[in-house]
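Engineer: Below is the structure, and that's it, no one-letter string:
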């Protein structure tokens, strides 16, 4: 039998234990509530960040300095990368190095505008070193070893060639409109006129990439009534006199022009008449022989242009 004093002491101990447990439980609940609050706050920050970056995702067009040749890397807001042309054979390592510096691990597409070496020369090494989803080329063959090597590499990698048609849209990003404007024919004397001409539209901004298309192709595009207006023009055929006619430039109304050209080249590119024609139309000219790599970014409304000379 417990005495009244012992019973009272025992009761006090029990009450103290329950009080301690209650206090611990309250602290635990508060800690859990605080943790939940932190998680909610973190989710809110992540959603806000996602919303912010979602509105400011950029399209970037890199006009790579590959001398007297063409190579353009287009990076889309959804993370996909597209390579348009790949320079000469001797440029292949430089092109690969540039792609790696831009953290390109895969190409959604390679677009070979036409089969001249200064446009396809570096592509076989790119295909051998990076996964590629699609290959786009015009329906024309060439007898050069460079072209044969490219076809063998494409076959080796079990890839198929897709021939785009003028007026066709290419689906790479739901926010970006890729439209093919040329070639519009199938029997040209000059390989340059087989060039795939692309217009890339992102929001209120547009790029027109003309390969080496010459006056014949330009007249066909004008006759088709395509909407050629673009903020950025990749000047066709390195600024040759055989391209960039006055009527063609008037239809484009570019603000900026990019000329992919080699220093002191043997062709006299870009020709002075083309430079004067662009200047007369108040077009700001960028040249890879003077400016190095030219990177033009678009947020769908505004353009930002940076240049990067080789070191």
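Structural biologist: Now that the structure is in, tell me what you want to look at. Just so we're clear, the structure is a prediction, and the values are computed from it rather than from any experiment. Numbering: from 1, shown residues only.

Engineer: Strands of the stretch 101-250 of the chain, start to end?
Structural biologist: If DSSP state E, counting those that start in this stretch is used as the criterion, the strands of the stretch 101-250 of the chain fall at 107-111, 132-136, 161-162, 169-173, 176-182, 197-202, 205-209, 232-234.

Engineer: who wins for proximity to residue 245 among the ones you listed?
Structural biologist: The closest of the strands of the stretch 101-250 of the chain to residue 245 is strand 232-234. By CB to CB, the value is 12.5 Å. C-beta coordinates here come from the backbone N, C-alpha and C atoms, glycine included.

Engineer: Can you give the strand pairings for the closest one, parallel or anti for each?
Structural biologist: Partner strands and pairing direction for strand 232-234 (DSSP bridges) are strand 205-209 (parallel), strand 256-259 (parallel).

Engineer: These into JSON lines, with extra columns for distance to residue 109, mean pLDDT and mean neighbour count?
Structural biologist: Formatted as JSON lines, the strands paired with strand 232-234 follow (distance: least, CB to CB, whole Å; pLDDT from 0 to 100; neighbours: other CB atoms under 10 Å):
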{"stretch": "strand 205-209", "distance to residue 109": "13", "mean pLDDT": "98", "mean neighbour count": "24"}
{"stretch": "strand 256-259", "distance to residue 109": "20", "mean pLDDT": "98", "mean neighbour count": "24"}
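
Engineer: For residue 303, find the nearest of those.
Structural biologist: The nearest among these, by CB to CB, is strand 205-209 at 5.9 Å.

Engineer: that older thread, I'd like the strands paired with strand 232-234 written out as a markdown table, with distance to residue 78 added.
Structural biologist: Formatted as a markdown table, the strands paired with strand 232-234 follow (distance: least, CB to CB, whole Å):
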| stretch | distance to residue 78 |
| --- | --- |
| strand 205-209 | 17 |
| strand 256-259 | 24 |
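
Engineer: and residue 265, which of those strands is closest to it?
Structural biologist: By CB to CB (comparing all of the strands paired with strand 232-234), the closest turns out to be strand 256-259, at 11.1 Å.

Engineer: now what about that closest one, what contacts it?
Structural biologist: 63, 231-235, 238-239, 269-270, 278, 283-289, 294, 296, 303, 305 (CB atoms under 8 Å, 6 or more residues apart in numbering).

Engineer: In PyMOL, select just the buried ones from these.
Structural biologist: This is the PyMOL syntax for the buried subset of the contacts of strand 256-259, where burial follows 16 or more other CB atoms under 10 Å:
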select buried, resi 63+231+232+233+234+235+238+239+269+270+278+283+285+286+287+288+289+294+296+303
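
Engineer: Tell me which entries of the contacts of strand 256-259 lie within helices.
Structural biologist: The helices, defined by DSSP state H, take in 278, 288-289 from those.

Engineer: Can I get those residues in a markdown table including pLDDT?
Structural biologist: Formatted as a markdown table, those follow (pLDDT from 0 to 100):
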| residue | pLDDT |
| --- | --- |
| 278 | 98 |
| 288 | 98 |
| 289 | 97 |
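
Engineer: nearest to residue 92, of the residues you listed?
Structural biologist: Among those, and counting by CB to CB, the member closest to residue 92 is residue 288, at 17.0 Å.

Engineer: for the closest residue to that closest one other than its chain neighbours, what are its contacts?
Structural biologist: Spatial nearest neighbour of residue 288, chain neighbours left out: residue 65 (4.3 Å); criterion: CB to CB, 6 or more residues apart in numbering. Shown in contact with residue 65 (CB under 8 Å, 6+ apart): 260, 288-289, 292-294, 309-310.

Engineer: That concludes my questions; thank you for your assistance.
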